[in-house]
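Visitor: Okay, predicted coordinates and the sequence, questions at the end:
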Amino acid sequence: MSKHFIPLPLTNVLADGGYSASVCLGSQLAKVNLIIDTGSSTLVVHENRYQGMHDTRLQSTSLAQQVSYGVGGWFGSVVHTRFNILDVSVDDMPLALVHHEAEHSFINADGIWGMAYHSLNRSYDMSEYLTANAIAPPATYPWPFPENDQPQFPLPEFQSEASDFKQLIHGLPEQDVATAFTLMEQQGLVSNRFAFIAHRSSIHHAKANMTPESLALDPLNQGMLILGGDERLSQYFQGEFTDLKVVHDRYYNVNLLSLSLAGGAPIKLPSALEAQLSRGSSNAIIDTGASLVSLPSQAFTQVIAELSQTVPQAAKLLAPFIGDINKVTQAQSQGIAMSELNLALWPALEFHFEGAADGRASLSCPAECYWQLNSPAPGRAVFKLMGQLAGWPAQSILGLPLLNPYFVLFQRDSGEFGTVRFAAHRQKS
């Protein structure tokens, strides 16, 4: 086992509560801020700070990628260049350069570092198409297709552009692209595991009119990604681990058996089979790139109903946050008056999983995690659960609110597909 830990400081200021780390790319060591996302696998960068045309180490390929997220997406070229973090470098790192994207796909970050498995990192070999159209050399960078002066599109327009691109690549040979973390592990730079620490899912505003630089200095807006991290990092956690079984190596796929209000009756979740999910999938994924927890419609409705029965005025307080993604997004940007909330009245939510060992493993999401105080402004609060995304299957997206109470260890080298381990944060003295 490698003893080389690579600790990367994280901030949630650039991605509306999502956590990003700084890395350097290319011959010019261009610094870029990438969202740490276990819900995708691609290393993708927008050409704002990193400009490939000035990178003498860049090697173009005939590959292109198109990726859609729960909200947002992009398509563009696959290139290879140098990738640097702290004193560690990989000289031939594949990454995607965005040509077109849906607005706000990266918020104020420069891209995404996908930490999931390689089968999600699919590309299309366009060499035959490029040769047939007399494009020499047959490479996707610089982008060889008809230009549009608008690199960012509102979501409906982007979906149209993406649909056209999908038609172009339909039937072309597919090729998995090696993921950044896997390459680092294969080169012996780190062991095949990493730790993730984050305390919030929304930016904490201690006072009004704070600059991004001031917000980033708030410890509540900071986190840590420790590549190669393992159980020896006891300075960050306390107590025993709760171990969840990873049941497939696409996302960090887990089986969510039920959830409940603390002390309440279980709310059953549809299994992968009942949800008609693809073979080899599961009914839940662990997603550091999601700033909310998204539940299947029926389960979400039942959670809201039980909260409304348990907590005085809950129905009124929750109403702004219940609806489609546009309503949820608007509510997250406005919040409600914090003075209306008494978190002591709100029960913890308990999530019950298939454990790594035989039996059930449970995690707790306290009210201070599924509600975020002092966000999006001082004295405001936002609710961090939502229902099923349009076009998304009945698969729970277990984002930051569930992860925030824990030191989370993604132990990819344990069991058939891996184990995700949770231990309580060590309290600072």
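Guide: Sure, I can see it. Numbering: from 1, shown residues only.

Visitor: use CA for all of it now, contacts and neighbours both
Guide: Will do.

Visitor: Let me know the distance separating residue 386 from residue 189.
Guide: Distance, residue 386 to residue 189, by C-alpha to C-alpha, to the nearest Å: 38 Å.

Visitor: ok, so what distance separates residue 64 from residue 203?
Guide: 34 Å.

Visitor: again, but for residue 299
Guide: 27 Å.

Visitor: Compare the two and say which one has the larger neighbour count.
Guide: The residue with more neighbours, out of residue 299 and residue 203, is residue 203; 26 against 22, by other C-alpha atoms under 10 Å.

Visitor: give the contact list for the more buried one.
Guide: Counting by C-alpha atoms under 8 Å, 6 or more residues apart in numbering, residue 203 makes contact with 12, 13, 16, 17, 215, 221, 375, 376.

Visitor: Looking at these, spot the one nearest residue 266.
Guide: Ranked by distance to residue 266 (C-alpha to C-alpha), those are led by residue 17 at 29.7 Å.

Visitor: mind listing what the closest one touches?
Guide: 200, 201, 202, 203, 291.

Visitor: Recalculate using a threshold of 6 Å.
Guide: 201, 202, 203 (C-alpha atoms under 6 Å, 6 or more residues apart in numbering).

Visitor: Dump these into JSON lines; add pLDDT as well.
Guide: JSON lines is the format used below for those (pLDDT from 0 to 100):
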{"residue": "201", "pLDDT": "98"}
{"residue": "202", "pLDDT": "98"}
{"residue": "203", "pLDDT": "98"}
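
Visitor: Can I get those residues in JSON lines including secondary structure and distance to residue 92?
Guide: Below are the contacts of residue 17 laid out as JSON lines (DSSP: H, G, I helix; E, B strand; the rest coil; distance: C-alpha to C-alpha, whole Å):
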{"residue": "201", "secondary structure": "coil", "distance to residue 92": "34"}
{"residue": "202", "secondary structure": "coil", "distance to residue 92": "35"}
{"residue": "203", "secondary structure": "coil", "distance to residue 92": "35"}
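
Visitor: Out of the residues you listed, flag the one nearest to residue 261.
Guide: Nearest member of the contacts of residue 17 to residue 261, counting by C-alpha to C-alpha, is residue 201, at 20.3 Å.

Visitor: Mind checking which residue lies nearest the centre of the chain?
Guide: residue 289 (1.7 Å; C-alpha atoms, centre = their mean).

Visitor: quick one: contacts for that residue?
Guide: 18, 37.

Visitor: try it again with 10 Å
Guide: The contact partners of residue 289, taken as C-alpha atoms under 10 Å, 6 or more residues apart in numbering, are 15, 17-20, 35-40, 112-115, 201, 397-400.

Visitor: Correct me if wrong: residue 337 contacts residue 382.
Guide: Yes. Between residue 337 and residue 382 there is a contact under C-alpha atoms under 10 Å: 9.1 Å.

Visitor: the more surrounded of the two?
Guide: residue 382 (27 against 17).

Visitor: before we move on, back to that, including pLDDT, distance to residue 207 and secondary structure, could the contacts of residue 203 go into a markdown table?
Guide: Listed next are the contacts of residue 203 as a markdown table, based on pLDDT from 0 to 100; distance: C-alpha to C-alpha, whole Å; DSSP: H, G, I helix; E, B strand; the rest coil:
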| residue | pLDDT | distance to residue 207 | secondary structure |
| --- | --- | --- | --- |
| 12 | 98 | 17 | strand |
| 13 | 98 | 15 | strand |
| 16 | 94 | 17 | coil |
| 17 | 96 | 17 | coil |
| 215 | 98 | 9 | helix |
| 221 | 98 | 14 | helix |
| 375 | 98 | 10 | coil |
| 376 | 98 | 11 | coil |
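
Visitor: so which of the residues you listed would you say is closest to residue 281?
Guide: For the contacts of residue 203, the nearest to residue 281 is residue 17 (27.4 Å; C-alpha to C-alpha).

Visitor: ok, and the closest non-adjacent residue to that closest one?
Guide: Distances taken as C-alpha to C-alpha, 6 or more residues apart in numbering put residue 202 closest to residue 17, at 4.1 Å, once the chain neighbours are dropped.
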